[in-house]
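Peer 1: Show me the folded form of this:
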Amino acid sequence: MRDNKKIKENFFRLVQIMDRLRAPEGCPWDRKQSAETVKNYLLEETYEVVAAVEDDNPGQVCEELGDLLFLIIFLSLMYEEPEAFNINDVMESIAAKLIRRHPHVFGAERVAGAEEVRDRWHKIKREEARQRGENGSFFASVPRNLPALLRAQRIGARAARTGFDWENADSVWEKLDEELSELKEACNRNNPAHIRDEMGDVLFTLVNLSRHLHINAEEALRLTVDRFIRRFDEMRGTLEKDGRPLEEFTLEEMDAVWEKVKNSV
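Peer 2: Numbering: from 1, shown residues only. Below you'll find the model as predicted:
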């Protein structure tokens with residue numbers, strides 16, 4: 001059972017530990033870090049949480065969430081030092097936002113289902129941006145620094161909610177054929193800038209095909225890369241058992257083992 005008293009005690013203890021690490025007599029490495037350096041660790045730890053979830057390893061998820069929490073508190077302390085904000089401001093801000101964006105839970109409004117909740121969330125978010133004087137792109141709520149495939153899928157989905165979308169997956173297939181033809185033509189003309197643009201169009205269309213097939217393109221590619229790494233390592237281990245490095249085997253020899261590995265990994 002969750003112990004709320006212990007949550008408060010442990011959170012405060014964690015903040016105290018971080019205070020000590022950043023203090024003049026604390027850790028030289030922690031004292032040397034800045035928001036600019038920590039942002040990279042934040043990204044890495046986030047992906048490690050994702051990997052642990054995908055591996056269905058609760059113990060690892062728990063450990064990685066701890067690393068992520070450490071970085072959130074660490075980053076907050078860096079902004080507390082010039083008195084910009086502190087960790088309490090962070091918690092108050094997110095609590096207020098969650099209450100504000102759930103009027104159907106914390107207010108008198110009613111919704112028909114999850115889809116309406118999502119639409120309402122975006123409307124509230126746009127209204128908040130308007131009140132802050134931010135009247136930018138319709139897609140401003142999609143973070144610019146998301147991984148490219150994930151960002152493309154979010155942008156496509158947001159556009160689709162206005163009705164700007166292909167009718168079905170078959171019509172996306174037709175568009176993909178068209179984009180592949182244009183890519184081949186660009187390759188024949190050997191114009192690097194044109195080839196890059198056409199390759200981008202092909203990838204964007206593939207992401208939208210994934211959306212119509214209800215597949216997360218980012219997740220699909222990540223799992224494929226993981227599978228490639230497992231198979232490659234297995235192939236390398238098999239071939240190098242005779243003492244020769246992988247580079248000394250022919251492509252045909254590697255291909256023969258690869259085909260066997262594909263059936264088991």
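Peer 1: From now on I want contacts and neighbour counts done on CA atoms only, so please keep to that.
Peer 2: Noted.
Peer 1: All the helices of the protein, residue numbers only.
Peer 2: With DSSP state H, the ranges of helices along the chain come out as 4-22, 28-32, 35-54, 58-80, 87-100, 103-106, 114-131, 148-160, 169-189, 192-212, 217-239, 251-262.
Peer 1: Run through the residues that contact the closest residue to Trp258 other than its chain neighbours.
Peer 2: Leaving aside its sequence neighbours, Trp258 sits nearest to Met235 (C-alpha to C-alpha, 6 or more residues apart in numbering; 5.9 Å). By C-alpha atoms under 8 Å, 6 or more residues apart in numbering, Met235 lies in contact with 254, 257-258, 261.
Peer 1: could you redo the residues you listed as CSV and give each row pLDDT and neighbour count?
Peer 2: CSV is the format used below for these (pLDDT from 0 to 100; neighbours: other C-alpha atoms under 10 Å):
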residue, pLDDT, neighbour count
Met254, 95, 17
Val257, 95, 17
Trp258, 95, 18
Val261, 92, 17
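Peer 1: Below-threshold pLDDT in the stretch 1-150 of the chain: ranges please.
Peer 2: Low-confidence segments of the stretch 1-150 of the chain (pLDDT under 70): 135.
Peer 1: Provide a list of residues in contact with the closest residue to Thr46 other than its chain neighbours.
Peer 2: Leaving aside its chain neighbours, Thr46 sits nearest to Leu68 (6.7 Å; criterion: C-alpha to C-alpha, 6+ apart). Residues in contact with Leu68 (C-alpha under 8 Å, 6+ apart) are 42, 45-46.
Peer 1: Just the closest of these to Glu81, please.
Peer 2: Among these, Leu42 lies closest to Glu81 (C-alpha to C-alpha), at 19.3 Å.
Peer 1: so the closest one makes contact with Leu71?
Peer 2: Yes - taking C-alpha atoms under 8 Å as the definition, Leu42 is a contact partner of Leu71 at 6.4 Å.
Peer 1: Can you tell me which of the contacts of Leu68 are classed as buried?
Peer 2: Among the contacts of Leu68, the ones that count as buried by 16 or more other C-alpha atoms under 10 Å are 42, 45.
Peer 1: can the contacts of Leu68 go into JSON lines with extra columns for distance to Phe204?
Peer 2: JSON lines is the format used below for the contacts of Leu68 (distance: C-alpha to C-alpha, whole Å):
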{"residue": "Leu42", "distance to Phe204": "27"}
{"residue": "Glu45", "distance to Phe204": "27"}
{"residue": "Thr46", "distance to Phe204": "25"}
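Peer 1: For Glu240, which residues are in contact?
Peer 2: Contacts of Glu240 by C-alpha under 8 Å, 6+ apart are Leu246.
Peer 1: follow-up on the earlier one: quick one, which of the helices of the chain gets closest to Pro245.
Peer 2: Checking the helices of the chain against Pro245 by C-alpha to C-alpha gives helix 217-239 as the closest, at 8.1 Å.
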